[in-house]
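Chemist: My questions are about this predicted structure, shown below with the sequence.
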Amino acid sequence: MKQNLAKAAPQIQPRSNKPWSSVIRNQWQVQLMVLPAIVFLILFAYVPMWGVLSAFQEYNIYKGFWASPWVGLDQFRAFFEADEFWLVMRNTFVISLLKLFIGFPAPIVLALMFNEIRNRFFKRLSQTLTYLPHFMSWAIIGGFAASLFAVDNGSVNILLQKLGLIHEPVNWLSTPHYFWGILVSTNIWKEIGFNSIIYLAAITGIDPHLYEAAAMDGASRFKQIYRITLPCIMPVISVFLILAVGNIMNAGFEDILVLTNNGNNGILLDVADVIDTYVLRTGIGGQRYSYAAAAGLFKSLVNVVLLLLANGMVRRMGKESLW
Amino acid sequence: MKLSFSDRALSVFSYIAVAALSFLTLYPFWNSIVISFNTGSDTMLGGLTFWPRHWTLENYEIILKNKSMYQAVLISVLRTAIGTALAIFLTSLFAYGLSKKFLAGRKFYFIVAIITMYFSGGLIPTFLWFRELHLYDSFWVLVLPGMVNVYYMLIFRTFFSELPDGLEESAKIDGCTDFGIFFRIVLHVSGPILATISLFTAVGLWNEWFTASIYINNQSLLPLQTYLINAMNSSLFYEQMTSALNSEAMKQMSQQTITAKALQMSTLVIATMPIIMVYPFVQKYFVKGVLVGSIKG
């Protein structure tokens, strides 16, 4: 993104002082090309942004935005004082941090392993296979999970029983204890292959002379990975790490919904309710629109602060930063 | 050069780990297909993993006799087709306009677009606004909201600004208008990028299920993916499916052998198939797309 903005900047011409009439006469066609998209952006992106103000109202669906009363920060106060607040915050952070600590390094490790594979056919086949789940919707992944983890003859239970690890089939998807593990592993399962692409590309871009020199000095492959590969792809890793930290409050949404029966599995609520699902449940389900909008806005604000902090920290360490 | 023990161990470990991951990736797809082609009553006996034991097509027969399933497929197809066409039209036109340096207000338009990549109104304000736009329970809510994708616009713009100037200048001298140049010349030489972004958009539209789950109440407007979610979660799915059967023979058969799980898995496989079928063709484009997006920004 940063590169893009930087690249775009020099192309921008100094503001022309041509009168409007000549602009309209000479370039109405190009203006007309841009217009529909701008109208769409205003209608579908900017009006909702402005609608965030309903977080400061007591929105009434019959009165609409203009006639609903303003209540200042009351909705935020109600959210912070709600019984569920700390539970929701805990779930959001725990799930996010699990995804960060386990889900973030996983594709890097996979890219390193792909890089060790010399057999071209095997490499291409395994890449093709592992990229596939990325193109599947969570609706489908949820279906897989429901089938594989099923109590009755789900493959996971079959396997574990055959191995003698469990005696009775376990109800994996309705036991709060297993929820975080299943959530994080399905996420990794879905995205590990696809996310490895970017790291693999970075690894491919490393100057082969570095490896030749290291091999000449007798460095083992392990040492080469540790001393050459990882330091060389560090800039890419830090950019993605910053982005991931800026996303900490987005613990998950679709993945959680499909693994909790679209949010209807009450047994899992204590471990599965994160800010986004809470917003959905209270806002759309409970029709407490302003309250949910306040919770959502709170989430976005924390995200922005975290992104700034993460970027500042990486910059202080002298590594690549977003801006 | 002889490999040291640790080097060989690393290599062997990588092969084994990658093979295991590939297997784990493939298995859920495979197992779902196996279950969908196995009689439900037999699946209930347990132990079904790699091969169907009682091969049957009856699960699909029942699913495909159901009108609601066709309706869902139809909605998904319409959504994907109309949505992709409209999105490509709007986004490429926008990108082409922005690639013209003489465009007055270019910087302003650009910033207006970029801001939407980082900020959004969030679920509730968007929901309230779409209700006021009368998009609730309307087919168009499935199509319109994502039509201008700024990320794809940037990819288009980069491509258009790298086209040789001479191409357009000569057309202009011949008296071609800007629209004429775009539709007759620029789109003509943009085949690969149009194909790539169309595939991106189409897969995204086909897969999207959440919008319908909150905006669509009318069952006959549900796209396939949302239909699938409901099928997986609803305990009534089995009754809905089998009650639509009109012949007595089918009804009896269904009572004996068909299970909810078998029907769910058949629905799942049908929802998966289109992506699996286009996947071999789109894979390289997607991989390229990721790299274009992240390296060029």
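Modeler: Structure's in. What do you need?
Chemist: For chain B, see how far away A:Ile24 is.
Modeler: Counting by CB to the nearest CB, to the nearest Å, the separation of A:Ile24 from chain B is 9 Å. Yep, even glycine has a C-beta here, placed from its N, CA and C like the rest.
Chemist: how about that residue, what does it touch?
Modeler: With contact set as CB atoms under 8 Å, 6 or more residues apart in numbering or on different chains, A:Ile24 has these partners: A:Gln31.
Chemist: quick one: A:Ser174 and A:Leu268 touch, right?
Modeler: Yes: the criterion here is CB atoms under 8 Å, and A:Ser174 meets it with A:Leu268 at 7.0 Å.
Chemist: who's more crowded, those two?
Modeler: Between A:Ser174 and A:Leu268, A:Leu268 has the larger neighbour count (other CB atoms under 10 Å in any protein chain shown), namely 21 against 16.
Chemist: Just say helix, strand or coil for the more buried one.
Modeler: helix (DSSP: H, G, I helix; E, B strand; the rest coil).
Chemist: ok, and the closest non-adjacent residue to it?
Modeler: A:Thr260 (4.9 Å; CB to CB, 6 or more residues apart in numbering or on different chains).
Chemist: pretty sure A:Ser147 is in contact with B:Trp30, am I right?
Modeler: No: in this structure, A:Ser147 is not within contact of B:Trp30 by CB under 8 Å, at 11.5 Å.
Chemist: Mind checking which of these two has more residues around it?
Modeler: Per other CB under 10 Å, whichever of A:Ser147 and B:Trp30 has more neighbours is A:Ser147, with 21 against 14.
Chemist: how many neighbours does B:Val34 have?
Modeler: B:Val34, neighbours per other CB under 10 Å, totals 19.
Chemist: State the helix or strand in which it lies.
Modeler: Assigned by DSSP states H and E, B:Val34 belongs to helix B:5-36.
Chemist: repeat for B:Ile82
Modeler: Counting by DSSP H and E, B:Ile82 is part of helix B:67-99.
Chemist: give me every residue that touches the one residue in chain B that gets nearest to chain A.
Modeler: Here chain B gets closest to chain A at one residue, B:Gly121, 2.6 Å apart by CB to the nearest CB. Each residue near B:Gly121 by CB under 8 Å, 6+ apart is listed here: A:Ala45, A:Val47, A:Pro48, A:Met49, A:Trp50, A:Gly51, A:Val52, B:Trp129.
Chemist: Restricted to strands, list those residues.
Modeler: Using DSSP state E, no member of the contacts of B:Gly121 falls in strands.
Chemist: of all the residues you listed, which comes closest to B:Ser6?
Modeler: A:Ala45 (53.5 Å; CB to CB).
Chemist: for the chain, which spans come out with low pLDDT?
Modeler: All of this is about chain A. By pLDDT under 70, the low-scoring segments of chain A are A:1-18, A:318-323.
Chemist: wait, chain B
Modeler: In chain B, residues with pLDDT under 70: B:1-3, B:235-236, B:239, B:243-256, B:286-297.
Chemist: The spatially most central residue of it and B:Gln225: what is the separation?
Modeler: Geometric centre of chain B, nearest residue: B:Val203, 2.5 Å, by CA atoms, centre = their mean. Using CB to CB, to the nearest Å, B:Val203 is found at 12 Å from B:Gln225.
Chemist: cool, and A:Gly286?
Modeler: 25 Å.
Chemist: Neighbour count for those two, which is higher?
Modeler: B:Gln225 (24 against 11).
Chemist: Report the separation between that one and B:Val73.
Modeler: Taken as CB to CB, the span from B:Gln225 to B:Val73 is 11 Å.
Chemist: Repeat that for A:Asp273.
Modeler: For A:Asp273, the distance to B:Val73 - CB to CB - is 34 Å.
Chemist: of the two, who's got more company?
Modeler: In terms of neighbours (other CB under 10 Å), A:Asp273 is the more surrounded of A:Asp273 and B:Val73; the figures are 21 against 17.
Chemist: is it true that that one touches A:Glu84?
Modeler: Yes: with contact defined as CB under 8 Å, A:Asp273 and A:Glu84 form a contacting pair (6.8 Å).
Chemist: The stretch 101-250 of chain B: helices as residue ranges?
Modeler: B:106-118, B:123-132, B:150-161, B:165-173, B:178-180, B:191-207, B:210-215, B:224-233, B:237-243, B:248-257 (DSSP state H, counting those that start in this stretch).
Chemist: okay if I get those helices as CSV plus distance to chain A?
Modeler: Shown next, in CSV, are those (distance: least, CB to the nearest CB, whole Å):
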stretch, distance to chain A
helix B:106-118, 4
helix B:123-132, 3
helix B:150-161, 6
helix B:165-173, 11
helix B:178-180, 4
helix B:191-207, 4
helix B:210-215, 5
helix B:224-233, 4
helix B:237-243, 12
helix B:248-257, 15
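Chemist: Of these, which stretch is the most buried?
Modeler: Comparing the helices of the stretch 101-250 of chain B by mean neighbour count (mean count of other CB atoms under 10 Å in any protein chain shown), helix B:224-233 comes out on top with a mean of 25.
Chemist: what does it contact?
Modeler: Under CB under 8 Å, 6+ apart, the answer for helix B:224-233 is A:137, A:139-140, A:142-143, A:146, A:258, A:261-262, A:264, B:68-69, B:72-73, B:75-76, B:206-210, B:212-213, B:216, B:222, B:237, B:263-264, B:267-268, B:270-271.
Chemist: Just the buried positions in stretch A:265-281, please.
Modeler: Counting neighbours by 16 or more other CB atoms under 10 Å in any protein chain shown, one finds that the buried residues in stretch A:265-281 are A:265, A:268-269, A:271-281.
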